[in-house]
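S.K.: Dropping the sequence and predicted coords here.
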Amino acid sequence: MSYFGIILSSVFAANALLSSGFGASRLARGNTKHLLPSFIALSLFSLFVAVILWTARRFLFIPFGLSALEVVLYMSLIVPLMKFISRVAAQSPGAFLRKVAESGDELAISSLVFGIALLSSKASYTLYEAAIAALASSLGYAAASELLGAIRERLELSDVPTSFKGAPTLLLSAGLMAMAFMGIDAVLIKNFVG
Amino acid sequence: MTAIGRARLENLIAATMLGFLALLIALGSLFADRGAEAREAALIGRLSKAAVIKEIYVSSDPDFDRIFKIEDKGRIRYAAVVRLGSLYSSSLISALLSPEGQILALRFIASTSSRASSSIDTFLVSFLGRDGEKEFPKSRMETQRPDAMSGATLDLICTSATLNRLSSYVSDNARTWVDPKSVSSIRKKD
Amino acid sequence: MDRHRESFVPNPLLGSIAGLCPAIAVTSALPEAILLWLGTLVVLFFLWMSIPLAKNLLPERLLTPFSLSLMAISASAYGVLASVLWPLLAANLNIYIPLIAVNSMILHYLRANLRPGKNQLKAPLSIILGYSFSFIPIATLREILGRGSLSLPSLTLAPRILFELKEAPLRIVASPAGGFMILGILAALYRFILHTRRSARP
């Protein structure tokens, strides 16, 4: 698949939120502050983890049959490294960089970053393709969560039954949006892009 | 002992405990991998009864873990156990390929649903004789041709994609696998 | 709150909306859902048993990173076990078994119990009950509606199919879109029942 096809596939057909459910808890609980810093932190960390996992899989885990150590590598080495990077960035004088660091610190131990990295590194991609897939998946998540955030704001002003207020309506909206995204599947992308 | 020394000792104890547990996991993973290899070799044996496994190459593809180089009546062939999956079912099949990547034989092994397309003989027959260059069908539009299979289903597209990846993988790598000094050759079986 | 009459535990899945990612992706089939549910339970119990031991050996500052590593190790161990016992189902679960190590429900349990001065870890019974009583029924419902069958994991390669309808009544339910919608409806139903019970109390 071409790079453009991988981008389209990662944003639409295999959207991190709407196809795999990553970050759904975060969205349903309303963690939508600092959108741009959060997106930048997510992209950078997903890219970083995807590259490390791809390299580790290619040269260490798969040749020696040690795939089970992937998650141990992530939690024992990569998460502390991400936390360390976030804490160093949090000391910077720039307010924007501090917001990115704050988002990064929160994202370090989350299924979102790990899930995107696993999806990107496990597919039959080369290193560059895995990196592009990770960045595109982050973009797809940000786009979906921003759309759902806008829907949530409109619904808060609407007359919704008490039981449906908050997370239930958001989940139903996500379901309808996921149905729309299902129409842009891998086959359609392949027809257009090859 | 100074505070720093004590902290370092505590860090070392924690790292040692985790290292020991990780080692146990690694050993377990190795055993599980060997077990999976033996199981796949047995399934390949059912596909091609007279075949002798010469080498095993690990694959990074999510749908097939290993490619077996086998000698079948003096001819070199490649075989793999492949997972075919769609949203509604997933199946396990074994595939026999030529060094050019042409699919010679397919055998259904198991499925999560008795309605999975791959459990129907005629479905798998449609992929025989295909190789990495001739993808069938390329798109849903192609299936509308009278001489092609009509009514493309999700199973058809997913199966086609997976078998094409397998076929391309074998045809791309077969040349390097023939050379015994190749770095792709990880384990040998005589 | 009248505790002895309260039969609903605050549900981690439908109430607090934690651990949602596997609930959407994996509950399209009951065998895979049972495997993942079992994995979550194994990790929770392993943490409950091992963290008090670690507290005696390690200082407070090392407890959190050590616990996270233990989560990863137990998830890996379960992944190895699942690949040996149920190879086809474990392969279907693919990336979701490693993701047990970052399950937000388990992380929430750790955060609540790793506070300084807390020596005894609260048994994760309420989490397990709440999770089980939502995760398994959702998977059952989604498999029957979305795939038109009901199956259980077995020690052979293929799962044991209990029954299979002629066709799936509502195929969209097996997709992630259907998963979101079913969860949304059940979360609303849970809130409605909770609200009704609280209003009914004098």
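M.R.: In hand now; what should we look at? Numbering: from 1, shown residues only, chains lettered A, B, ... in the order given.
S.K.: On the three-state scheme, B:Phe127 is what?
M.R.: Secondary structure state of B:Phe127, per DSSP: H, G, I helix; E, B strand; the rest coil, is coil.
S.K.: check contacts around it.
M.R.: B:Phe127 makes contact with B:Ile103, B:Leu106, B:Phe136, B:Thr159, B:Ser160, B:Leu163, according to C-beta atoms under 8 Å, 6 or more residues apart in numbering or on different chains. All C-beta spots, glycine's among them, are computed from the backbone N, C-alpha and C.
S.K.: In contact with the residue in chain A positioned nearest to chain B, which residues?
M.R.: Closest to chain B within chain A is A:Gly65: 3.2 Å, counting by C-beta to the nearest C-beta. With contacts defined as C-beta under 8 Å, 6+ apart, A:Gly65 is in contact with B:Ser29, B:Leu30, B:Ala32, B:Asp33, B:Arg34, B:Val58.
S.K.: Show me which of these is closest to B:Ile93.
M.R.: Proximity of the contacts of A:Gly65 to B:Ile93 (C-beta to C-beta) peaks at B:Val58, which lies at 19.3 Å.
S.K.: I'd assumed A:Ile62 was in contact with that closest one.
M.R.: Yes: the pair B:Val58 and A:Ile62 qualifies as a contact (C-beta atoms under 8 Å) at a distance of 5.4 Å.
S.K.: still on that earlier bit, quick check on the contacts of A:Gly65: which are buried?
M.R.: For those, a burial check counting by 16 or more other C-beta atoms under 10 Å in any protein chain shown picks out B:Ser29, B:Ala32, B:Asp33, B:Val58.
S.K.: now, among the residues you listed, which is nearest to B:Lys69?
M.R.: Nearest to B:Lys69 among the buried ones among the contacts of A:Gly65 is B:Val58, at 12.3 Å by C-beta to C-beta.
S.K.: Local confidence estimate at the nearest residue in space to A:Phe164 that is not next to it in sequence?
M.R.: Here the nearest residue to A:Phe164 in space, its sequence neighbours aside, is C:Ala188; by C-beta to C-beta, 6 or more residues apart in numbering or on different chains that works out to 4.8 Å. If you check C:Ala188, the pLDDT there is 91.
S.K.: So what's the residue count around C:Ala188?
M.R.: Applying other C-beta atoms under 10 Å in any protein chain shown, we find 23 other residues in the vicinity of C:Ala188.
S.K.: Where does the prediction get shaky in chain A?
M.R.: With pLDDT under 70 as the threshold, chain A has low-confidence stretches at A:1, A:30-34, A:186-187, A:190-194.
S.K.: quick one: the helices in it?
M.R.: Counting by DSSP state H, residue ranges of the helices within chain A are A:3-8, A:24-28, A:35-56, A:62-64, A:70-73, A:79-90, A:95-107, A:111-122, A:127-157, A:167-182, A:186-193.
S.K.: can you put those helices in a markdown table and add mean neighbour count?
M.R.: Listed next are these as a markdown table, based on neighbours: other C-beta atoms under 10 Å in any protein chain shown:
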| stretch | mean neighbour count |
| --- | --- |
| helix A:3-8 | 18 |
| helix A:24-28 | 27 |
| helix A:35-56 | 21 |
| helix A:62-64 | 16 |
| helix A:70-73 | 25 |
| helix A:79-90 | 16 |
| helix A:95-107 | 18 |
| helix A:111-122 | 28 |
| helix A:127-157 | 19 |
| helix A:167-182 | 21 |
| helix A:186-193 | 16 |
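S.K.: I appreciate the help and will end here.
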